[in-house]
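1. coordinates for the following, if possible.
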Amino acid sequence: MKTLTLSVLASCLFLVHALPTSITAPSTGLPGYACSVPSGSTYTQVEYVENLCGSGLQPYYLVVNPEDSLWACLQVDGFVYDKVQASTACSLTGSAIQYHLRKPVDLLWSCGPGTYNGFVYDDVYDGGFCSLDNQGLEGRDPFYRIREPVDGLASCAQITGFVHTQVWNAPACALGGSYTMYTLKKPVDGLWACGPGTYNGYSYDDVVMSNNCVFGEEAPYYHLREPVPGVWVCNPPSGFPYSQERTVDTCEVGAEGTQYLLS
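-> The predicted structure is shown next:
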């Protein structure tokens, strides 16, 4: 009986020190360890594993789905982060940066402006939360108050799906100075805006010079039109048919241009 017990113990020790190659990483059922981190996921721990993810020692990740307030080793699309820390869990060779993930919501303070997640921002200050070198040292890192873009919002950034109708210099938008702030507007037929609307699927039928669009100078100001049959526009959308043309003095500032009757 004593010999049998020692044999079993020896077998267990062999399994601990040399993982068999027949073991495979889980492909479903996150969280779980895997040989790589799939897109849209992150990881919270990395370890060496032998002869499992390739020949010799290779990294083996504890893969998880991102969620609000998770400390994660990778940033993930659809999330921002509001602080960082050094963690040995994220690196095989020492400590590395770890991110406190947050689901972006209106009025959240974040280490990024939120624009890559469909948000904008309306305030920024020196936080000192967003990098390892400056952690806790106030006055080093920009910290943004992110906003969900809505009609009429005063924003420090422009974003697809909105035009802007007014600008001004705002100290709230920059560290140690001022930066342009915009009044965001949802494009609608008949709105005057600081762009021709083409990147939002609109056209225009009139343009004048205005001091609304560039701080301290005049710039073109456009009368937006929704491109529908029967409307005269200066810039028909690509592929949109038109039936007539006419020369007008409203499509260019100080010069004649062509309008098109959409059909």
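2. what about stretch 215-226, distance to the chain center?
-> Relative to its chain's centre, stretch 215-226 lies at 28 Å (C-alpha atoms, centre = their mean, to the nearest Å).
3. list the buried residues in it.
-> By neighbour count on 16 or more other C-beta atoms under 10 Å, the buried set for stretch 215-226 is Pro220, Tyr221, Tyr222, His223, Leu224, Arg225, Glu226. C-beta coordinates here come from the backbone N, C-alpha and C atoms, glycine included.
4. what ranges do the strands span in the stretch 101-250 of the chain?
-> 109-110, 120-126, 142-147, 154-155, 163-170, 179-185, 192-193, 203-214, 217-225, 232-233, 242-252 (DSSP state E, counting those that start in this stretch).
5. tabulate these (JSON lines), appending distance to Gln45 and mean pLDDT.
-> What follows is these, written out as JSON lines (distance: least, C-beta to C-beta, whole Å; pLDDT from 0 to 100):
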{"stretch": "strand 109-110", "distance to Gln45": "25", "mean pLDDT": "96"}
{"stretch": "strand 120-126", "distance to Gln45": "32", "mean pLDDT": "94"}
{"stretch": "strand 142-147", "distance to Gln45": "28", "mean pLDDT": "95"}
{"stretch": "strand 154-155", "distance to Gln45": "39", "mean pLDDT": "98"}
{"stretch": "strand 163-170", "distance to Gln45": "43", "mean pLDDT": "96"}
{"stretch": "strand 179-185", "distance to Gln45": "40", "mean pLDDT": "96"}
{"stretch": "strand 192-193", "distance to Gln45": "50", "mean pLDDT": "98"}
{"stretch": "strand 203-214", "distance to Gln45": "51", "mean pLDDT": "96"}
{"stretch": "strand 217-225", "distance to Gln45": "52", "mean pLDDT": "96"}
{"stretch": "strand 232-233", "distance to Gln45": "58", "mean pLDDT": "98"}
{"stretch": "strand 242-252", "distance to Gln45": "61", "mean pLDDT": "96"}
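6. still on that earlier bit, for the buried residues of stretch 215-226, which one is nearest Phe79?
-> Leu224 (34.2 Å; C-beta to C-beta).
7. returning to that earlier point: okay, the strands of the stretch 101-250 of the chain in TSV with distance to Leu92 next?
-> Converted to TSV, the strands of the stretch 101-250 of the chain look like this (distance: least, C-beta to C-beta, whole Å):
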stretch	distance to Leu92
strand 109-110	29
strand 120-126	34
strand 142-147	31
strand 154-155	42
strand 163-170	45
strand 179-185	41
strand 192-193	52
strand 203-214	51
strand 217-225	54
strand 232-233	60
strand 242-252	62
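8. pick out the residue nearest the middle of this protein.
-> Tyr116 (1.6 Å; C-alpha atoms, centre = their mean).
9. so who does the residue nearest to it when sequence neighbours are not counted touch?
-> Of all residues not flanking Tyr116 in the chain, Asp77 sits nearest, at 7.6 Å (C-beta to C-beta, 6 or more residues apart in numbering). By C-beta atoms under 8 Å, 6 or more residues apart in numbering, the contact set of Asp77 is Gly40, Tyr116, Asn117.
10. any idea what the closest residue in space to Tyr204 that isn't next to it in sequence is bridged to?
-> Leaving out its chain neighbours, the residue that sits closest to Tyr204 by C-beta to C-beta, 6+ apart is Tyr222, at 4.2 Å. Here Tyr222 sits in beta bridges with Ala193, Val207, going by DSSP bridges.
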